[in-house]
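A.B. asks: show me how the following folds:
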Amino acid sequence: MATTPTAAVPSEESASYRWFALLAIILAAFVAILNNSLINVAIPKLMNVFGSTQDRIQWVLTGYMLASGVIIPISGYMGERLGYKRFLIIALGVFTGGAFLCAIAWSDMSLIIARIISGLGGGVIMPVSMAIIYKIMPRHQIGMALGLWGISAMVAPAVGPTLSGYLIEWLSWRFLFIINIPIALFAIFMIMALLKETERTAGKKFDTWGFVLSSLSAGTLLYALSNGQSKGWTSFEIVGLFYVSISSLLLLLWVETGKENPLIDLSLFKNFHYTLSVISASLVTVGLFGGIFLTPIFLQNIQGVSAIDTGIILIPQAIAMAVTMPIAGRLFDKVGVVPLGLVGLSLLSVMTYELHNLTVDTSHQWLETVLSLRGIGIGLCMMPLSTAGMNAVAPQQVGNASSLSNLIRQVAGSMGIAVLTTIMQQRSALHAQHIAESVTGDSLTTVTQMFGSSTSAALGGMIQREALTRGVAETFLLSALPLYVTIPLVFLFMVKKKDSKERKGI
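C.D. replies: Numbers count the residues shown, from 1 in each chain. Just a heads-up that it's a prediction; the model follows:
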């Protein structure tokens, strides 16, 4: 096995190169994340266009997610084998081709297949782009660079629903995919022009069993988590998928342990900082994704706000994150993860907890204020927690570390949504039963006799809205728990750092 240097890491004199290259990487990450946030709110429209069922059209999202989960594990190997620049261009090319096929789709099945193709390219863009940042940026500027890069991960989901609503209302559903094509092509052009190739590792053998088992474990787990609520968590299909996922994971651990050049480098978990970072970031992801899916449910299903207006209400939070993340990155390079993690997590936890006070008549001004403060908390803590772990990894392990952490966070996000959705629905159903019992019987009969069945139906609708509001509020309360749990973990970064210094002095 030989290492072929195709381009040296930029010198200190080429600082402008690094920041222009970073701009191209940010653009690539942005278009990949924007793509999914555009589609989330367009599912009802796609159902009507193709005359499809909810279960079938849901594969437009599920297919992309599964393809992403399956392909992420190979991003480190392919980046080292082909060069990270070349692999990122290939990934963007596959993603763009999939977007074009989506735009010309003539049936729900052709759209689903095209989305799977997009997922094969889009799934590796985030881990590869993160790895490239570590390849081209000096360590003392990593925090600032990742803070800027993280804007794409946080702002795109907030911009997507509003943009999607405008595209569907004023143009066509096909523009949900067409809009990605010029952005992706421009990103490819910028990467080709601005980014220098990284070192390539020739002769490295592909870990076939590692790929098969990791893809099988991640794919079955993600599918089970995304469909458990609709198919039933105790159904034979979902239980069987969990069994396959766990069995594949155990086999993966056995196969990869001690192997030379494994696809999934389990030795990374011997690194205390990296493991702590993955755990902390995953817990934050659970709480973060809780807010991402609960807020639109509250606004649209309870308060009757349109998808476009929902996106507008979420924009202040996106702006708060966009402004805070580069600041947090700059501060991280100077003060480290502990101060930022403590302040950011405290603010994020308290504001998420505050959302359990939601009522049917909650004002949008109050909600925007709480979400904006929550966005500041996210901006302060999310990237520093991830960066602290990646900074502890050896340079030759950056690619594998990036793919592994991204895959774990994706699973954590899916698991968080699945668990919190189940809790929300169960609590809403329980509240609906309790509220109905308090107004049914003689009181409901009297209302029906006096005002007619239409008033009785309206009363039923009010009961459902109140029950769903209480369910959403209580789920926000529970989503704050993993955030609070993460706060004491931040101190462990400081303890471990102190221990390391002591060992160096011995």
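
A.B. asks: pLDDT wise, what is Arg503 at?
C.D. replies: pLDDT recorded at Arg503 is 38.

A.B. asks: same check, this time on Met424
C.D. replies: As predicted, Met424 sits at a pLDDT of 81.

A.B. asks: contacting residues for it?
C.D. replies: Neighbour list for Met424: Leu294, Ile297, Gly471, Val472, Glu474, Thr475 [criterion: CB atoms under 8 Å, 6 or more residues apart in numbering]. No exception for glycine: its C-beta is placed from N, CA and C like everyone else's.

A.B. asks: taking these together, which two end up most distant?
C.D. replies: Pairwise distances across these peak at 13.0 Å for Ile297 and Glu474 (criterion: CB to CB).

A.B. asks: of those two, who's got more company?
C.D. replies: Taking other CB atoms under 10 Å, Ile297 and Glu474 do not tie; Glu474 has more neighbours (19 against 16).

A.B. asks: next, count neighbours for the residue nearest to the more buried one when sequence neighbours are not counted.
C.D. replies: Counting by CB to CB, 6 or more residues apart in numbering, Arg427 is the residue found nearest to Glu474 once chain neighbours are left out, at 5.1 Å. Using other CB under 10 Å, the number of residues around Arg427 comes to 19.

A.B. asks: and Arg427, how close does it get to Phe476?
C.D. replies: For Arg427, the distance to Phe476 equals 11 Å [CB to CB, to the nearest Å].

A.B. asks: and for Pro326?
C.D. replies: Pro326 sits 28 Å away from Phe476, going by CB to CB.

A.B. asks: which of these two has more neighbours?
C.D. replies: Remark: of Pro326 and Phe476, Phe476 carries more neighbours, 25 against 20, as counted by other CB under 10 Å.

A.B. asks: check which helix or strand covers the more buried one.
C.D. replies: According to DSSP states H and E, Phe476 maps onto helix 453-479.

A.B. asks: pretty sure Thr201 sits in a strand.
C.D. replies: Yes. Counting by DSSP: H, G, I helix; E, B strand; the rest coil, Thr201 falls inside a strand.

A.B. asks: isn't it right up against Arg81?
C.D. replies: Yes. With contact defined as CB atoms under 8 Å, Thr201 counts as touching Arg81 (6.4 Å).

A.B. asks: would you mark the buried spots in stretch 132-148?
C.D. replies: 132-137, 141-148 (16 or more other CB atoms under 10 Å).

A.B. asks: any idea of the mean pLDDT in that stretch?
C.D. replies: Rounded mean pLDDT across stretch 132-148 is 77.

A.B. asks: and stretch 367-383, by the same measure?
C.D. replies: In this model, stretch 367-383 has a mean pLDDT of 88.

A.B. asks: for this protein, which helix is longest?
C.D. replies: Assignment by DSSP state H gives helix 398-439 as the longest helix of the chain.

A.B. asks: got the domain boundaries for the protein?
C.D. replies: Annotated domains of the chain cover 15-196, 207-261, 264-500 [automatic domain parsing].

A.B. asks: returning to that earlier point: turn the buried residues of stretch 132-148 into a markdown table, including distance to Leu101.
C.D. replies: Converted to a markdown table, the buried residues of stretch 132-148 look like this (distance: CB to CB, whole Å):
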| residue | distance to Leu101 |
| --- | --- |
| Ile132 | 27 |
| Ile133 | 30 |
| Tyr134 | 33 |
| Lys135 | 31 |
| Ile136 | 32 |
| Met137 | 35 |
| Gln141 | 39 |
| Ile142 | 37 |
| Gly143 | 39 |
| Met144 | 37 |
| Ala145 | 33 |
| Leu146 | 32 |
| Gly147 | 35 |
| Leu148 | 32 |
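
A.B. asks: now, which of the residues you listed lie within helices?
C.D. replies: Here DSSP H is the test, and the buried residues of stretch 132-148 give Ile132, Ile133, Tyr134, Lys135, Ile136, Ile142, Gly143, Met144, Ala145, Leu146, Gly147, Leu148 as lying in helices.

A.B. asks: which members of these are the farthest-apart pair?
C.D. replies: Greatest spacing in those, by CB to CB: Lys135 and Gly147 (17.6 Å).

A.B. asks: picking that back up, and the contacts of Met424 as JSON lines, adding pLDDT?
C.D. replies: Shown next, in JSON lines, are the contacts of Met424 (pLDDT from 0 to 100):
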{"residue": "Leu294", "pLDDT": "78"}
{"residue": "Ile297", "pLDDT": "77"}
{"residue": "Gly471", "pLDDT": "84"}
{"residue": "Val472", "pLDDT": "84"}
{"residue": "Glu474", "pLDDT": "85"}
{"residue": "Thr475", "pLDDT": "86"}
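
A.B. asks: which one of these is nearest to Pro482?
C.D. replies: Among the contacts of Met424, Thr475 lies closest to Pro482 (CB to CB), at 12.6 Å.

A.B. asks: thank you kindly, that will do.
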